[in-house]
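Visitor: Structure of the sequence below:
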Amino acid sequence: MEVSGELVVEATGETVGEAKWAALRELERMAPGLDKAAVRFEVLSEGERGLLGVGYAPARVIAQLPAEAVREPRPPAAPREGESELAADARGLVERIAAAIGVQCRVDAHEDDETVTATASGHDLGMLIGRHGQTIDAVQYLLNAIVYRTYGDARKEVVVDAAGYRERRRETLESLAVRSAERALQELDRVELEPMTAAERKVVHVRLKDYEGVETASEGTEPNRYVVVLPAR
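Guide: All right, here's what the predicted structure looks like:
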C-alpha cells in the first residue's frame, strides 16, 4: 500500500530473512529500480517452527520505502540529433542499465548500415565491463534480444562498448580463430566456437578467410548463432 507517497508492505516467511526477501520482491514489483538500502524493516514476529510441524507460525515483517527513495520510471530516451529511433533506444537502454548498477558514464550511439554501437565513456567502467567482459557481453546480449523482439527483421546488430573493450575483444577473437583453425587441422575435425553476435562472427570469418586448409560457417539460430571452423573440403 502507499501512505503519503511512502510504500509499505507486509510479508511473511519461514524465517525473518525469507520474510524480508519476500517484502523486497513485492516492493520491487511496485517500484522497479528502488534503492534497496533505503528500505526500513520492522519485525512483527520472528515466527515459531513448532514441534513436528505443530504450532508453526510464520515470521512477519513490515517493509517501508520512503517517498524520496521511490524512483520514477525513466521515459524512453529521446533521439539526439542524427539518431534513429533504434539508436536512441539502444543508447537509452545502456544508460538505464549503467545507472541501475551504479556506473556513472556518458553513452553515445553510432550507427552504420549494419550496426548500432552504443559506447560508454567515463572514469570507472570496470563494473560495466565485468570480469572477462561477462557483464558487458550480457548487456549486449540483452539489448540484441530486446531489439530482435521489438524491430524484427528491420533490426540492426547492437554492439555495446566501453573503454576500448571491443577492440581488445577483436584481438582476442582473432587469436581464438587462429587457435581453432590449428586445432581443426590437427584433429581433422570441426571446432565449434561460443555463441557470438553477428559482428563478432564476422571477425572470425574475416580472419580465417585466407587461412589455408580451413573454412568457416555460421550455424544455429539467433541469438545463439555460432561459428564452426572445419578442415576445407
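Visitor: pLDDT weak spots in this structure?
Guide: Along the chain, segments meeting pLDDT under 70 span 1-5, 32-34, 49-56, 68-77.
Visitor: Kindly recompute the last result at 50.
Guide: Scanning the chain for pLDDT under 50 picks out 2-3.
Visitor: That one - how does it break down into domains?
Guide: What automatic domain parsing lists as the domains of the chain is 2-69, 85-163, 167-231.
Visitor: For the residue nearest the centre of the chain, pull up the helix or strand it's in.
Guide: Centroid-nearest residue in the chain: residue 139, 2.9 Å away (criterion: Cα atoms, centre = their mean). Assigned by DSSP states H and E, residue 139 belongs to helix 134-151.
Visitor: what ranges do the strands span in this protein?
Guide: Applying DSSP state E to the chain gives strands spanning 2-3, 6-13, 40-45, 59-65, 106-111, 115-121, 157-162, 191-195, 214-219, 226-231.
Visitor: Would you mark the buried spots in the top helix by length along the chain?
Guide: Counting residues, the longest helix found in the chain (DSSP state H) is helix 165-187. By neighbour count with 16 or more other Cβ atoms under 10 Å, helix 165-187 contains the buried residues 165, 166, 169, 173, 176, 177, 178, 180, 181, 184, 185. For the C-beta atoms, the positions are set from N, CA and C on the backbone; glycine is no exception.
Visitor: okay if I get those residues as CSV plus distance to residue 17?
Guide: Below are the buried residues of helix 165-187 laid out as CSV (distance: Cβ to Cβ, whole Å):
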residue, distance to residue 17
165, 37
166, 41
169, 40
173, 43
176, 43
177, 48
178, 50
180, 47
181, 52
184, 51
185, 55
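Visitor: Bridged to residue 12, which residues?
Guide: The bridge-partner assignment for residue 12, based on DSSP bridges, gives residue 60.
Visitor: Number of residues surrounding it?
Guide: Neighbours of residue 12 under the rule other Cβ atoms under 10 Å: 16.
Visitor: distance of it from residue 26?
Guide: Residue 12 is 11 Å from residue 26, where distance means Cβ to Cβ, to the nearest Å.
Visitor: can you check residue 65 too?
Guide: 10 Å.
Visitor: So for those two, which residue has more residues nearby?
Guide: residue 65 (26 against 15).
Visitor: Residue 106 touches residue 120, doesn't it?
Guide: Yes: contact criterion Cβ atoms under 8 Å: residue 106 and residue 120 qualify, at 7.2 Å.
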